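In: Could you work out the structure for the sequence below:
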Amino acid sequence: MLNHRDALAALGAAVHEAPYKAPPRAAVLYIKPRNTWVGPGDAVIVPAGVAELEIGATLGLVIGRSACRVREADALACVAGYVIVNDISVPHASYYRPSLRFKARDTFCPIGRFAPRRAVGSPDTLRIAVSIDGEIVHRASTEGLIRPAARLLAEVSEFITLAPGDVLSVGVAANAPRARAGQRVAIEIDGLERLDNPLIAEAAEGVPAAPAAGAAA
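Out: You can find the predicted model right below:
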């Protein structure tokens, strides 16, 4: 989701060019279907012919009760808790019409362990860090959101009814790092358990290649 001030700023003059000729006036949404979901420790498959993947560290709002046209003041009452989401994609230029071919590949949405809302505090002041092979390569914060969590949920619920168990990610910061097959990615967000996943190359026949001897489990 394009909902981070620095991510919008990073687009520069492109937001004023055809066909849109202006910055987006609403959140740019896309879906991550069930085929993309994997859990902590599960392998992320790097498709054949793709050199590296973009690692989109973000916070996910886990819906606890139906949210339909909720007011911003009431929106967080519909949230049961939070998860770390790794919104992985094949690097691409377009943010206005994100291609599902780049966003919705198998294993492209690792989701961390659930934390109840009361255990995390404000969703709008959380620090985010991404590590690759144990080295921190990117830092961000939910303080940079264009629409804070409650406002985003209220706006989305104007036209989408969110059901219990749905996850709404709040948006990825600019300069998301990239990782290759054979590397291991970890995401940390204040108050949440770390999400850690290895990247494994897809074999030519479309199944994951066997990890090299001695690779971390």
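In: Leaving out sequence neighbours, find the closest residue to the residue nearest the centre of the chain.
Out: With distances taken as C-alpha atoms, centre = their mean, residue 87 lies nearest the centre of the chain, 3.0 Å away. Using C-beta to C-beta, 6 or more residues apart in numbering and skipping the chain neighbours, the partner closest in space to residue 87 is residue 56 (3.3 Å). C-beta coordinates here come from the backbone N, C-alpha and C atoms, glycine included.
In: Distance check, that neighbour against residue 74.
Out: Separation of residue 56 from residue 74 (C-beta to C-beta, to the nearest Å): 28 Å.
In: So for these two, which sits in the more crowded spot?
Out: The residue with more neighbours, out of residue 56 and residue 74, is residue 56; 23 against 12, by other C-beta atoms under 10 Å.
In: Thought residue 175 was touching the more buried one, still the case?
Out: No: between residue 56 and residue 175 there is no contact under C-beta atoms under 8 Å: 11.1 Å.
In: Just the endpoints, please. Distance across stretch 37-46?
Out: End-to-end span of stretch 37-46 (C-alpha to C-alpha, to the nearest Å): 14 Å.
In: Report the buried residues of it.
Out: 37, 38, 44, 45, 46 (16 or more other C-beta atoms under 10 Å).
In: Give me the longest helix you can find in the chain.
Out: When the chain is parsed with DSSP state H, its longest helix is helix 149-156.
In: which residue sits closest to residue 116, ignoring its sequence neighbours?
Out: Nearest non-adjacent residue to residue 116, counting by C-beta to C-beta, 6+ apart: residue 81, 4.3 Å away.
In: Tell me which residues touch that neighbour, please.
Out: Counting by C-beta atoms under 8 Å, 6 or more residues apart in numbering, residue 81 makes contact with 62, 64, 114, 115, 116, 117, 119, 120.
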